[in-house]
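J.: Here's a sequence, model it:
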Amino acid sequence: MSGGKKTGGKRTAAEELDGLTGILKKSVAEARITSMLSGNPGGTLFLCDLDNLRRINNQHGHLAGDECLKEAAQIIMYMIRPGDIFGRRGGDEFLIFMPGCSDAVQAEEICGRIENRFRVGKGKEKGRIPFTVTAVCAVWQPGDTCRGLLGRADEALAARRASLCQPDTGKEKRKDQYIKDANRIRKELIEQIRKPGAYCQDYDTFKGIYRFLERSIIRSGQKACVILITVVDGQGGSLLPHEKDMLMERLGEDIGRTLRIGDVYTRYSSSQYLILVIDTTEGQADLIVGRIKGKFLADSPGNNILVHHCYELQPARVGELMA
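T.: Numbers count the residues shown, from 1 in each chain. Got it, this is the predicted structure:
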């Protein structure tokens with residue numbers, strides 16, 4: 001079990017475990033989630049928040065609060081499966097990553113089971129401090145990283161908190177306004193995809209996406225390739241100016257239909273397109289170009305051909321940039 005003291009039959013190094021609860025530290029859990037996503041994208045991230053820990057600390061003392069955290073960790077650990085990643089995010093929050101859960105309905109049911117487990121039998125054990133847990137989830141979507149999943153889970157937890165509390169103080173009203181701002185921004189930024197296919201952008205936007213991905217793969221280890229496709233005549237020379245526009249327009253349509261929805265391309269010159277394909281090696285990129293060529297040449301009335309060059313995107317080299 002990835003969240004316990006044993007993983008694959010071997011004892012986890014002590015420095016990887018949270019000193020209070022005995023489960024994975026935040027940094028270790030997030031690193032394992034990142035590694036898992038890079039090799040096998042998919043799954044659901046859960047955040048579990050121990051409710052009113054501050055009140056428990058104030059009324060019963062911090063040692064009692066610590067006991068509640070340890071009890072919550074132990075109960076959740078018995079509810080997860082071998083292969084799930086379980087760690088303490090810090091304070092009163094725990095995170096769980098279930099690679100085998102990719103269905104939103106199933107994920108919500110798991111949240112409900114976790115919360116119900118802490119509602120059952122409250123106060124029956126002598127000397128036990130009753131407490132509850134709030135659980136929310138973020139189901140993996142194409143392009144998601146561990147950080148992206150945590151961000152959406154944080155939003156879900158904030159929204160859940162806002163729905164449960166009464167905004168009867170100025171502080172709560174301000175918090176509610178911030179949540180509204182975040183929800184409004186999220187709606188503004190979400191793209192309404194009208195048709196399948198790749199993401200066509202101007203060159204400056206393409207360059208920004210390239211540089212963002214170049215930085216992000218430092219942590220994610222994600223593979224990506226850049227492809228340059230050039231239209232030439234049958235002898236490998238440049239086309240005449242009046243020939244280029246119609247052929248390049250058709251080539252752009254063929255690229256858009258061939259690539260996946262998460263890929264990006266741009267018109268680089270009068271006879272070239274630049275393509276950025278995600279989760280792809282150089283060998284796979286050659287196959288993608290082959291499909292594009294097949295579409296383009298099948299409808300080509302003349303002897304025009306396509307040539308291409310590709311290279312695998314490498315992580316940004318921070319040390320060299322600083323030197």
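J.: A104 touches W140, doesn't it?
T.: No: counting by Cβ atoms under 8 Å, A104 does not reach W140; the two are 10.6 Å apart. (C-beta placed from N, C-alpha, C; glycine too.)
J.: Neighbour count: these two, which is higher?
T.: Between A104 and W140, counted using other Cβ atoms under 10 Å, W140 has the larger neighbour count: 21 against 12.
J.: tell me the contacts of the more buried one?
T.: 37, 41-45, 102, 149 (Cβ atoms under 8 Å, 6 or more residues apart in numbering).
J.: Could you single out the nearest of those to D92?
T.: Among the contacts of W140, L45 lies closest to D92 (Cβ to Cβ), at 17.2 Å.
J.: Not including adjacent chain positions, what is the nearest residue to the closest one?
T.: L149 (4.1 Å; Cβ to Cβ, 6 or more residues apart in numbering).
J.: My read is that the one you found contacts G42, right?
T.: No: L149 is beyond contact range of G42, at 11.2 Å (criterion: Cβ under 8 Å).
J.: More neighbours: which of these two?
T.: Per other Cβ under 10 Å, whichever of L149 and G42 has more neighbours is L149, with 25 against 16.
J.: I figured C146 was touching S27, is that so?
T.: No: contact criterion Cβ under 8 Å: C146 and S27 do not qualify, at 11.1 Å.
J.: Of those two, give the one with the bigger neighbour count.
T.: C146 (24 against 10).
J.: Now the more buried one, what are its backbone angles?
T.: Here the main-chain torsion angles of C146 (degrees, to the nearest 10) amount to phi -60, psi -40.
J.: residues in contact with it?
T.: 30, 33-34, 37, 45.
J.: how about JSON lines for the contacts of W140, with pLDDT, distance to P130 and secondary structure added?
T.: Formatted as JSON lines, these follow (pLDDT from 0 to 100; distance: Cβ to Cβ, whole Å; DSSP: H, G, I helix; E, B strand; the rest coil):
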{"residue": "L37", "pLDDT": "93", "distance to P130": "37", "secondary structure": "helix"}
{"residue": "P41", "pLDDT": "88", "distance to P130": "39", "secondary structure": "coil"}
{"residue": "G42", "pLDDT": "91", "distance to P130": "36", "secondary structure": "coil"}
{"residue": "G43", "pLDDT": "94", "distance to P130": "32", "secondary structure": "coil"}
{"residue": "T44", "pLDDT": "96", "distance to P130": "28", "secondary structure": "strand"}
{"residue": "L45", "pLDDT": "96", "distance to P130": "27", "secondary structure": "strand"}
{"residue": "S102", "pLDDT": "90", "distance to P130": "34", "secondary structure": "coil"}
{"residue": "L149", "pLDDT": "94", "distance to P130": "31", "secondary structure": "helix"}
